[in-house]
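Asks: How does the following fold in three dimensions:
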Amino acid sequence: MRVLIVVATAVEAEGLRDLPADVVVSGVGPVAAALVTASALGRQRYDLAVSAGIGGAYPGSGLEPGDLAVSSRIVQADLGAWDGSAFLGLDALGLSVLPGEAHAGVFEVWDGAEALAARLGAAYGPTLTLGTVTGSRGGAQAWAARHPGALTEGMEGAGVAHAALLAGLPALEVRGVSNPVGPRDRAAWRIPEALAAARRGLEALLLG
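Replies: Residues are numbered from 1 along each chain as shown. Model (predicted):
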């Protein structure tokens, strides 16, 4: 299986270069991730596109820094509209991320994802993509309530998944947890542990 791994930053890529996959750095955000993924998929044939790196864990996920999350689906969570205090997703608005069919920005994943998570003892559930990182406890709880079972928050997964969908191949998101989603406390972030967790998931995917 030929795999494309997309990460947001050079730091996330640094420890993955020896893996048997092509690793590209996209920059931050779903647009950057989609553009770089589409470019890579246009140059070379792949079997799977993976969004990988570090992320925050939502309240109720049971995840702690250093844990690993594998996506059951990848959600572009903040794509929609506010109606007063109510958030309306694309489905409620009758809109789509695709020009010719209904699609609310909830992307299905590679069919081996659940087995991979089970083999690793990793959490398996929805991963959310947001263009702006959540910075309050109430905001984190609201996203978790809108998407029951949500594991992690990242900024690139849906971009990778969207580009993969248009190219006709499956996608997956693998996130090592660096911090809880909510108030920013840089002193509590565990980035080395999160990077190690993400690598562990990718090694299992690529090396068995």
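Asks: Please report phi then psi for Val177.
Replies: Main-chain torsions, Val177, degrees, to the nearest 10: phi -80, psi 120.
Asks: I'd assumed Gly62 was in contact with it.
Replies: No - between Val177 and Gly62 there is no contact under Cβ atoms under 8 Å: 10.4 Å. Every C-beta, even on glycine, is put in place using the N, C-alpha and C of the backbone.
Asks: what helix or strand is Arg73 on?
Replies: In the assignment (DSSP states H and E), Arg73 maps to strand 68-76.
Asks: tell me what that strand is packed against?
Replies: strand 48-57, strand 106-108, helix 113-120, strand 123-129, helix 157-167, strand 171-180, helix 191-207 (3 or more Cβ pairs under 8 Å, 6 or more residues apart in numbering; DSSP states H and E).
Asks: closest one to Gly149 among these?
Replies: Nearest to Gly149 among the helices and strands packed on strand 68-76 is strand 123-129; the distance by Cβ to Cβ comes to 4.4 Å.
Asks: Centre of the chain to stretch 55-67, how far?
Replies: On the basis of Cα atoms, centre = their mean, to the nearest Å, stretch 55-67 sits 13 Å off its chain's mean C-alpha point.
Asks: actually stretch 122-137, not the one I typed
Replies: 8 Å.
Asks: out of Val177 and Gly62, which sits in the busier spot?
Replies: With neighbours defined as other Cβ atoms under 10 Å, Val177 and Gly62 compare such that Val177 has more, 27 against 11.
Asks: contacting residues for the more buried one?
Replies: 54-57, 63-69, 152, 190, 194, 197 (Cβ atoms under 8 Å, 6 or more residues apart in numbering).
Asks: And it, how far from Arg190?
Replies: Distance, Val177 to Arg190, by Cβ to Cβ, to the nearest Å: 8 Å.
Asks: which outside residues touch stretch 94-102?
Replies: Gln76, Leu79, Leu90, Asp91, His103, Ala104, Gly105, His162.
Asks: And the second one, how close does it get to Phe87?
Replies: If you measure Leu79 against Phe87 using Cβ to Cβ, the figure is 10 Å.
Asks: Quick check: which ranges of this structure have low pLDDT?
Replies: Regions of the chain meeting the criterion pLDDT under 70 are absent.
Asks: Go ahead and confirm Gly149 touches Gly125.
Replies: Yes - with contacts counted by Cβ under 8 Å, Gly149 reaches Gly125, the gap being 4.4 Å.
Asks: ok, these two, which is more surrounded?
Replies: Each of Gly149 and Gly125 has its neighbours counted (other Cβ under 10 Å); Gly125 has more, 20 against 14.
Asks: Do I have it right that the more buried one meets Ala69?
Replies: Yes - between Gly125 and Ala69 there is a contact at 7.2 Å, judged by Cβ under 8 Å.
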